Each structure stands twice: as structure tokens, then as C-alpha cells.
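>>> Quick one, structure for this:
(4 chains, ligands or ions: 2)
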Amino acid sequence: MFSVIQFPGSNDDRDTRFAMKSVLGVPSELAWHKSADLPADTRAVLLPGGFSYGDYLRCGAMARFSPVMAAVRRFAEAGGPVLGICNGFQILCESGLLPGALLRNRDLHFVCEHVALRVERSAPPFTSRARVGEILHIPVKHGEGSYFADDATLARLEERGQVLLRYCENPNGSRNDIAGVANEAGNVFGMMPHPEHAVEPVVGGTDGARILGSLVDFVQGRGKAA
Amino acid sequence: MKAVVTVTLKPDVLDPQGQAIQHAARFLGYDAVRDVRQGKRFELTLEPAADREEAAALLSELAEKLLANPVIEDFRVESIES
Amino acid sequence: MKAVVTVTLKPDVLDPQGQAIQHAARFLGYDAVRDVRQGKRFELTLEPAADREEAAALLSELAEKLLANPVIEDFRVESIES
Amino acid sequence: MTSAGDPPVDLALALEHGLTEEEWHQIVRILGREPSFPELGIFAVMWSEHCSYKSSKKHLKTLASEGEPVLHGPGENAGVVAIGDGLAVAFKIESHNHPSYIEPRQGAATGVGGILRDIFTMGARPLASLDSLRFGPLEDPKHRHLLAGVVEGIGSYGNSVGVATVGGETQFHECYRGNILVNAFNLGVVETDRIFLASAAGLDNPVIYAGAKTGRDGIHGASMASAEFDDSSEEKRPTVQVGDPFTEKCLIEACLELMQTDAVVGIQDMGAAGLTCSSFEMASNAGTGIEMDLDRVPQRAEGMTPYELLLSESQERMLLVAKAGREQEVCDIFARWDLDAAVVGRVTGDGRMRVRCHGETVVDIPVDPVAASSPELDRPTAEPPELRERQKLDLAALAPEEDLTGALEALLDSPDGGSKAWLYRQYDQLVQGNTLIGPGGDAALVRIKREDGSVTDKAVAMAVDCNPRWCVLDPYAGAVAAVAEAARNVACTGARPLALTNCLNFGNPEKPEIMWQFVEAVRGLGDAARALGTPVVSGNVSFYNETDGRPIHPTPVVGMVGLLEPWSRFAVAHFREEGRQVVLLGETREELGASAWLALRRGLEAGAPPAVDLEAEVALQRLLARGVAEGWIETAHDVSTGGLALALAECCFSDPGGTRVGAQLELADPIRPDALLFGESPGRVVAAGAHADELLAAAAEEGVPARRLGTTGGDRLCIGRAGGSTWIDVPVARLHELWARAIPRRLEAA
Ligand SMILES: Nc1ncnc2c1ncn2[C@@H]1O[C@H](COP(=O)(O)OP(=O)(O)O)[C@@H](O)[C@H]1O
Ligand SMILES: [Mg+2]
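Ligands and ions are numbered 1, 2, ... in the order given. All right, here's what the predicted structure looks like:
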């Protein structure tokens, strides 16, 4: 079962579930932010985009304290795959499940447009359906997507191959053009672009299905080893 | 020369951010937190001015024109240090 | 009981808002403005605590957990008034 | 009935509240006594132009609002139009001009918040927004600031609540220097058997307040002289409301969840004049009364008076009437979303509004005279004396354009003609995953899903349009053209125009010339809507858009909605492929009156705007629907401001970042080249596809003039006289650069 977490202010929860079901053919369940546990047979967790708690104070700052996030943390620590998209990425960083933080875009404007992303690693659970060096076209839509980590952290991330996606043209000022980064164990991944908005040819193209599809493969035991 | 200017929402203006923070604080068990208002704080570095008064005048002007939105915000020049 | 906590970006974190303000200030002819950093300021109203130390401890905890993100920000409990 | 601290109520205070002496006497007659302070406030707000439509009512009644698919027309929070299979769309456009000028970010944000509430109040899930914006020249730093603030406000609110902003229009003109226009449009989807109305029906049913707490926001909105309050409180009474999109998002979800139950009898958002307006409207609609206790209203500020509680315009609040006994269920749903909800009163049968506070009755007035039978004026009208003179334009005396390429470049580089990507890139255009065509085309096209997430084969097209330069030179013709253009934009996607909403932005109606402009525009709107078979189902009037006696140009903005089914075939506004045949549909006449070229290159705002042939328009739109459905048309772009040359240039680029396709085209009409390239004859569309012969044959059948212009391909745009000289021959990349940079370069100059 794929569990999509719903915080008050989540927006892309419905779109994420739509992508999983209508395009990838897998069912998902909503997990309400106030519940202390994930749905019983959770095999993967998706943290959707949006503005949890209005993104007041800092984006993701308050969602981090939701009861459900304790369950997500346990799930992640036990090795379960967790994908954070946009606001989900921000929440994972705030929670310390991913290194770094997301700052206001360099030009201070919200940006909504398709961007080109270079795949830096091809590995389950998130990028097994893509090849290294391949360019994916997926939209971004965020006001605070500028990835920041200090020099030491950044060096470590690069060295250990935790950067899975990089912008070809940096839309927000992210350090090292980072668009998506995984934890050291590789089971928690956050990305600013929205794969769920690129799963149908007429609405945004289909490159996003490569990311979500990788996760499906992994959960269904079809992910090829790195 | 260093200076600090703070900008706060006028008293009756809705502060959704402050409200949300107060909410979160309660949720975290900090029941003592009754109210939170979020404001801005600007730290400015200035060329050495002839004197503090001149600097203060400049800062007020700048705050009014640029740092604060006088329709909903108040400002205060907090400190000037050389 | 009233208290003020300020949160500022760590020195090595880029502050595009501050930069934009510095830019705008220059454009308006305030050439004396060399640098601007924007931070946050929280005004909190607390239930009367037993003493200031207790309040200070509570505020530090709250700031560390909620008001600031230690990866990018520093905080300071500025003042506590009863 | 007076509370401590209320000022004495008399005629003078009534005048300060913006009421007339006659209205004061009427109030005393209705009540049989002098009103209390809160009662005076209520009358003042409810009878204000903003709430009562007193100057416009008489004329708006002439608009055609009925038609087969119309489920609810004007009078409800939004118009509702059936789109088949048990689904309907609710839509409306509303102005937030004045607040946006005072505080652009919050003004625009709360404008979006307000229109969203109008939509979900009806039970519809907001699907997509458009925004129609007008500013003064960008050379003015104030207007650069206003533009940035308004766009940020629209984006911050719309993006946060998860509703895509998929299109709009943006213009810059001297006449908006003192009064910008911010009109927000939203459309939502609702199942036809789940539509909710603002009705307080059912004796003893509970009246429930839900959403944000009430503060002292926007009390000046009631046009109150502040001196009458205690002096020190002036500072505490901001006129500007701050939007809280997070609360709105929770309110949307909670209300839609609630509406899935059958506990709700009626529901209304608290907009202008807050609690007062919503409760009066609900009672008036149901022919009932309401009894309310202000002590139960969730309050944000301390010590609020009855006057303040009744007139506050705090945002993100709803009032609803539930079935008796279902209170808890209702409150539980709001609690799940961490929203305040409280039973504040009950429905009564005596047709009176009775409000108590601290155990005392502070308001006791009959509902009807305040709401339904508010005053109606018949203001005098007079044609502006110099208008006939301005409409004269002698083409023969007008020096021909010497640099046709330069003129095209200048148009592309103008803020009106240039790309609006700087604005709409700040909007989430994608959320909800239905955007087939986002901003950048003629109309937006958005797919419809059901509430359970299942995809339908329906899509709605929507566009907002108005050309104020035409409207000032001839408000009747301008309004007709706005309807025709909006419908044509919708038709360019392949959709069939269904119905429209409108936002009438004018100056001071007490001036006969302004009132004349208004009446003419309404007449045009009505005539065009009838001719095109697109009823007017909702709208909004914004008067007093003038500063220092200088009114804005009349700006009747039309929001048109159409249906495309199935959406598997639709046309876009740019050339998709090389080697396609380009066809011009519609007739080009030799006219330059009221054109952008004339304004930009000759500094003249003069001449009669071109007349719209509504019959030809209907034929053209029928042809477009057919051509798209048959697959003959893959590109369709409306020829409007800037004329044919600008339209052709725009066809060469899809924005942002998309393809660039050039074209080699020849024009044969025997008229002067500048009129051919830059004249604005309406009813024309540039079409392209791989089946020009079929399209031309169908055009002949439908009686639409059509001619082949050439083919797409290469990286240049070449336009010339058939068998003669070349007028324009430029790299598409150069044109694109000018067009893309028109707005950013002006903002960066600062
Ligand atoms: N304020 C805005 N918000 C969103 N989209 C906009 C806005 N202004 C313009 N657009 C988009 O830019 C494109 C060009 O707009 P406009 O110049 O009005 O075109 P036209 O003259 O063809 O009607 C349209 O697709 C429109 O939706
Ligand atoms: Mg238009």
C-alpha cells in the first residue's frame, strides 16, 4: 500500500493519488496528519506538495510536528521508502530526515515552469527507471526551493552520491543545482519538481512517471539493483 | 556602522503566521504561550555617518519607504552602533 | 509576560531578501546602505511564569524546536518583561 | 437600544455614513423610530452602492440571463451552468480594485479569497482562476510596485489554496494611474444535485458561524468617519484585511466535506459587510428572520462592540444554516480541520433580524426593506460632448506607416503586446492536474474530473477580455466586442461558448457621462450575449474608479466559459509544426480606428472602433468548433489588439521555452498595408493545420470568408503582398526576444 500523507494545506495529495492510481495502476491511501500510525500495510510513504499549515513560519516547519510524522520517521528508520515532493521535501529537511534546508528562491518569486533535470544516479527505489545522464522534463512550482547545505555537508552528499537529480538550468539558486537529494541510506528522497504533474502526455508529459514508477517497481519487488 | 530596524504588524491587523505558531506551540505542550506576533528585523550596515542623528534620520526614512508597509506595519529604529 | 525572540540567518547563508532591499535602497539614492540582512522577530505573550529564568528556558527550547531551523538560522531570546 | 460608548445617532451621522437625507427619513419610517448605532451601520452598508447596486440594478435587469443550461443566474453567489452528465460549473468574476491600490499584495490576495468563497459556497470545488489586471504605465515606479504586489498577492493566495491560475489579461494605460483594476475570476465544478444556496429556511434551524475569528478588519469599508470613534482607536482600525489562505484552504475542504452530508440547509460566505450582509441575504432569500447572539461569535480582538462585530470584514468566514439537531455533526467537521465553529442564532418566522449582545437587543429590523427592497436609482445619463469628435478619423489624412517591421517590433515590445510570462510564471498553473492549456493561449482549457477523481471527457475553456480603448471611444461597441472576443478566444480551443460573467469597472455614476458609458456598455453586453446565445449568469459592478475627477476608461470585463467535449482534440494558439498551411478566417477591412498601432505609433486614441458583425461571429465560432473536432485545425489564434501582424508573430512562439516555428505568408487584400497588418477588424482567426482544403470548403459552407496565407516553417517570419513586395522579414528569435523581454526589461530598469 502506498500511503499519501495529508496535512492541512496539502494541495497535491489528490494529484499524487491520481498519478499513482490512474497512470501507474497502484492504489493509495490517505493518511491524516493527526493519526499516530501509518495505514497497516504501508509499503511506501509519499509526502505531497502544497502549503502544509500555510507554510507559515518556514515551509514544513509545523508539519514536522504532526503525529503522523513520528510514524513516518519510524517507517524511514526501519528502511521503508519515503518520497517527499516539494512541500514534502521541505518537511523531510525540517524533520532532519534529509540534510539541508530549502530557502526562498534566489529571485524572490514563486516559479511555475517545466525544467530539465539531469539524472545523476539510477538506483532503486526512486530512479531505477531512468538512466544516468538522462534528461527528464518535469515542472517545478515553488517559492522556496533553493536548496542549501553547508560546504561540508554538500561535499559529503556529492561524495556519497546522494544527489539524484540536478537542474540543467537552475531556477531557484539551489546550491550545486540540486533538485533532489536522498539520505545516506538511500531510502528517503526529496525533490522540488513535481513528478505527479508529469504523468500524462497532454498534461505535462510523462517523465514524472519514471520517478513514481521506480518507486512502484521497488515496492513490487521489480526494482533492479544499483 | 551597524543598525537594527524592526517592523511589526499594527496591533489589530491579522497575523496568520503568529496564530499558526501559537497553535503549534500549544500542540507541542507549551501551554504558557498565549499569543505570538511575527515581525521582521533588519540588520543594516551603513557607511560611517557624520553622527548618529543623521544615521537615525536616514534609517527612519528608509524604513518608511522601503522596509515597512505603512498601511499595515509599524517600524522602530532599534539601535545604532558605530 | 511579554518576550521577544529574534531569529537571523547564519552568516554563510545567502539572504536574497536582504540583497534586494540593499539594491532598492541604492536605487532610491541611499548609497550609505552597504549591507542588509533580514531576520524574524517574534513577540510572545506568556502566562506569568514563576520567574524569568523559567521563562527564558522555555523560550530557548521553543526557539530551538520551532522558531528557528538550526541548519540555517541562529536565534536569541532578546527580552523578557513582566 | 443604545449601548454605552455608541455615538448619538442622528441625520448628521447618517450623512457621514454615506446615506442621503432621504434615505435617513426612509430608515426612520421603516423602523418607526430612530435607528441604533449598529442599525445605522447596517443600513449604510446594505444600501451602499457596493452591496445594493442601486445605480446599476435597473440596467442589469435588461441582461439576458436565461438559457437552457443555466441552473442559477445572477442573484446567487455565482452563476451555475450545466455541462451534462449531472455536472455543472459555477463561476463569477469580482473586482478588488480599491483595496489593491491601497495595499496591492493583500488587496489582490483577499480578492482571490473572496471569489473562491463565492464558488465553494455553492458546493463547487474551485477548479481554476483567471485574473484581469490593469495598471498605469510601468515607467511609474508606483505602478511597478503595484504590479509586483498584485501578482504576488494573487499567486500567494491561489497557490496556497491549491487552485490553478490558468490565464487572464494585463494592460497598462495612463487612465489607470489613479485607479488600478484587479478583477478575479474563479470557476468550480459541482454535481447538479449538490448545489447549495444562501437560504435561511426552516423555523428554528440553527445559524452557525464557521471559519476565522472576527477582528476589527475593514470596518472603514462601511464608509465611516473615524472621528466618530474614540480618537485613540484610529490606529487600531485598519481598512486593509489580511488574507489567510491556509484558513481558506481548510475552510474549502471542511465545507465540501460538510456538503457531502445532508445537514446543511443554506450557506453563505461573509464578504463585504460581513455578518450583516450574509445574514440579511440568507433570511431575505428564504423569507424568514434570524435571531442572533453576538456573544457567541468567535472573536479575535478584545472588547469588540456590536457595531464592529456586525460590520467587520474579516476574511475566511462562513455563515450557514443547518438542520435542527445536526449542530454537533457540523461543528465536528470544522473541528477536524481545526476551524472555529459556533451556533450563533436560529431561524425565526417573523421576518425580522434581531441581534442581541450582552443580553440586550441591539438590532431589531425587518429584513425585507433592508435587503430585497433597497433603493433603486435612475441616474441621469448624457453622452460625453466631445465623443463624436473623437470618433472621427480620416484615414486618407493619416500618414502611412513607413517602417512596418519597426511597427511590429514596437508592438511586441510594448507592455500590452508583450508576453505576460513574468506574471503567470508566479502562479501555480498545474495543481489539480487538469490544465490542458494554461496561460499563454487565447483561452485556458481545463479538464473536468469528478470529486472522486475520475476523469471525464469534458473540458471547460475560459477567457477574460476587454479593450478599454474601444470602450472609451464607443462603450456600446466596446462591450459588444468584449463579449465577441471572449467567446472567440474560447472557440479557438474548439470549445462551444456557453455563458458569461462580467465585471463592470466604471468611474463615478453620479456623473451623467459615466452613467451614459455604463448604460451603453450594459446595452452592448446584453445585445451581444443574446446574439451569441451566451447568457449572463453572474457579475459584479465597480463604480467610483476615479481620482481627482479623472475616471478610468470604461472597462466592462467579460469572462466567457465554454465546453469542449471530448477534449481529446483541441487547438492551441501557436504553430505546432513546420509545413502546416495557414488560413485566415474572417474579413479584414480597411480600418485603424481605436487600434493599438494608432496609439503607439501616432499617439492617437481616436476613431470609431471597428464594428462587430455578430452573425458572422456565430458562423466563425461554429466553424472553429467543427474544424477542431474534425482535426483540420490544430492552431487557432484570435486576431485582436495589434492586428494580424501581431497575431501571426505570436503564432510563431509558444511560451515559455516551447517551440519556435516561422512562416512565409502572403496577404492579398487590396487595402493599405498598415491597415492590413495592424488594423483590428474583429471576427478574425489565424488557423493552421494539415487540411486546409477541407477547412476552406467548410468555411464556404458556413459562410465564413477564408483565405490561404502560406505555410509554416523556417526560422523567420516573412509577410508580404501576394505576388508583390515583402513587408516584414525578421528572425522569429528576434521577435521572441523583444516580446519576452517587454515587461521584465521595464521592471529591471528600476
Ligand atoms: N494577469 C494574467 N494572469 C494570467 N495569465 C495572463 C495574465 N495576463 C495575460 N495572461 C495570459 O497571457 C496571454 C496573452 O494575454 P492577452 O495579451 O490578453 O492576449 P489576447 O490579446 O490574445 O487576449 C493569455 O494566454 C493570457 O491568459
Ligand atoms: Mg485577451
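
>>> from here on, contacts and neighbour counts on C-alpha atoms
Fine.

>>> which residues are in contact with the longest strand along chain B?
The residue-count maximum for a strand in chain B (DSSP state E) belongs to strand B:33-46. Applying Cα atoms under 8 Å, 6 or more residues apart in numbering or on different chains, the external contacts of strand B:33-46 come out as B:1-9, B:15, B:17-19, B:21-22, B:25-26, C:6, C:18, C:32-47.

>>> Tell me the buried residues within those.
B:1-9, B:15, B:17-19, B:21-22, B:25, C:6, C:18, C:32-46 (16 or more other Cα atoms under 10 Å in any protein chain shown).

>>> what's the closest non-adjacent residue to residue A:204?
Sequence neighbours aside, residue A:198 is the residue nearest to residue A:204 in space, at 4.5 Å (criterion: Cα to Cα, 6 or more residues apart in numbering or on different chains).

>>> List the contacts of that neighbour.
Residues touching residue A:198, when contacts are defined by Cα under 8 Å, 6+ apart, comprise A:138-139, A:204-209.

>>> so which helix or strand takes in whichever residue of chain B sits closest to chain A?
Scanning chain B for proximity to chain A using Cα to the nearest Cα identifies residue B:17 as nearest, at 5.1 Å. With elements taken from DSSP states H and E, the one containing residue B:17 is helix B:16-27.

>>> Over to residue D:330?
Here residue D:330 is assigned to helix D:327-336, by DSSP H and E.

>>> correct me, but the residue of chain B closest to chain A touches residue A:56?
Yes. Between residue B:17 and residue A:56 a contact is recorded at 5.1 Å, counting by Cα atoms under 8 Å.

>>> near chain A, which residues of chain D?
Counting by Cα under 8 Å from any Cα of the partner chain, the residues of chain D close to chain A are D:152, D:155, D:160-162, D:245-247, D:249-250, D:337, D:425-436, D:453, D:656.

>>> any idea how far residue D:448 lies from residue C:63?
In this structure, residue D:448 and residue C:63 are separated by 45 Å, where distance is defined by Cα to Cα, to the nearest Å.

>>> Who has more neighbours out of those two?
Neighbours were tallied for residue D:448 and for residue C:63 using other Cα atoms under 10 Å in any protein chain shown; the higher tally belongs to residue D:448 (24 against 21).

>>> Tell me which residues touch the more buried one, please.
Taking Cα under 8 Å, 6+ apart, one finds D:189, D:434, D:455-460 in contact with residue D:448.

>>> quick one, strands of chain A?
Taking DSSP E to define them, one finds strands in chain A at A:2-6, A:28-32, A:44-47, A:82-85, A:101-103, A:111-119, A:135-142, A:146-148, A:163-167, A:178-182, A:188-191.

>>> partners of the fifth one, with directions?
Spelled out, that is strand A:101-103. Pairing partners of strand A:101-103, with direction, according to DSSP bridges: strand A:146-148 (antiparallel).

>>> Tell me who's in contact with the nearest residue to residue D:179 once chain neighbours are set aside.
If you skip the residues right next to it in sequence, residue D:179 has residue D:545 as its closest partner in space, 5.8 Å away by Cα to Cα, 6+ apart. Contact criterion Cα under 8 Å, 6+ apart gives D:98, D:179, D:505-508, D:551-552 as the residues in contact with residue D:545.

>>> can you do 7 Å?
D:179, D:506-508, D:551-552 (Cα atoms under 7 Å, 6 or more residues apart in numbering or on different chains).

>>> Out of the residues you listed, name the two that are farthest from one another.
D:179 and D:508 (12.1 Å; Cα to Cα).

>>> who touches both of those two?
With contacts taken as Cα under 7 Å, 6+ apart, the residues that reach both residue D:179 and residue D:508 are D:545-546.

>>> higher neighbour count, the two?
Comparing residue D:179 with residue D:508 by neighbour count (other Cα under 10 Å), the higher total belongs to residue D:179, at 24 against 19.

>>> Is the more buried one in contact with residue D:546, as I believe?
Yes. In this structure residue D:179 lies within contact range of residue D:546 using Cα atoms under 7 Å: 6.2 Å.

>>> any idea how far residue D:353 is from the closest residue to residue D:205 other than its chain neighbours?
For residue D:205, the nearest residue in space outside its immediate sequence neighbours is residue D:324; the separation is 4.7 Å by Cα to Cα, 6+ apart. For residue D:324, the distance to residue D:353 (Cα to Cα) stands at 19 Å.

>>> of these two, who's got more company?
residue D:353 (23 against 16).

>>> hang on, the more buried one in a strand?
Yes. With DSSP: H, G, I helix; E, B strand; the rest coil as the criterion, residue D:353 is located in a strand.

>>> Tell me if the helix or strand where residue D:480 lies is near ligand 1.
The secondary structure element spanning residue D:480 is helix D:475-492 (assigned by DSSP H and E). No. Contact of helix D:475-492 with ligand 1 (Cα under 6 Å from any ligand atom) is absent, the minimum separation being 7.2 Å.

>>> Buried residues, that helix. List them.
Within helix D:475-492, the residues scored as buried using 16+ other Cα under 10 Å are D:475-492.

>>> Could you list every helix and strand that that helix packs against?
strand D:455-465, helix D:468-473, strand D:496-505, helix D:512-532, strand D:555-564, helix D:614-630, strand D:635-638 (3 or more Cα pairs under 7 Å, 6 or more residues apart in numbering or on different chains; DSSP states H and E).

>>> between these, which gets nearest to residue D:316?
Taking Cα to Cα as the criterion, residue D:316 comes closest to strand D:496-505 out of the helices and strands packed on helix D:475-492, the separation being 22.3 Å.

>>> Mean confidence (pLDDT) on the closest one, please.
Mean per-residue pLDDT for strand D:496-505: 98.

>>> That strand versus helix D:512-532: what angle between them?
Per axes from the mean of the first three to the mean of the last three Cα atoms, to 10 degrees, the angle that strand D:496-505 makes with helix D:512-532 is 170 degrees.

>>> one step back: mind giving me the packing neighbours of the helix holding residue D:330?
Checking 3+ Cα pairs under 7 Å, 6+ apart, helix D:327-336 ends up next to helix D:245-259, strand D:340-348.

>>> how about these in a markdown table, adding distance to residue D:47, mean neighbour count and mean pLDDT?
Compiled in a markdown table, the helices and strands packed on helix D:327-336 are given as follows (distance: least, Cα to Cα, whole Å; neighbours: other Cα atoms under 10 Å in any protein chain shown; pLDDT from 0 to 100):
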| stretch | distance to residue D:47 | mean neighbour count | mean pLDDT |
| --- | --- | --- | --- |
| helix D:245-259 | 28 | 23 | 97 |
| strand D:340-348 | 23 | 22 | 97 |
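
>>> Nearest approach to ligand 1 belongs to which of those?
Proximity to ligand 1 (Cα to the nearest ligand atom) singles out helix D:245-259 among the helices and strands packed on helix D:327-336, at 18.8 Å.

>>> how distant is that closest one from the center of its chain?
With Cα atoms, centre = their mean, to the nearest Å as the basis, the distance from the averaged C-alpha position of helix D:245-259 to the chain average is 23 Å.

>>> same for the helix or strand following it, what does it pack against?
Tracing the chain C-terminally past helix D:245-259 and defining elements by DSSP H and E, one meets strand D:264-269 next. Where contact means 3+ Cα pairs under 7 Å, 6+ apart, strand D:264-269 is packed against strand D:317-322.

>>> Run through who's touching the strand it packs on.
Under the criterion Cα under 7 Å, 6+ apart, residues D:200, D:205-212, D:263-270, D:278 lie in contact with strand D:317-322.

>>> let's see it at 6 Å
When contacts are defined by Cα atoms under 6 Å, 6 or more residues apart in numbering or on different chains, strand D:317-322 is touched by residues D:200, D:206-212, D:263-270.
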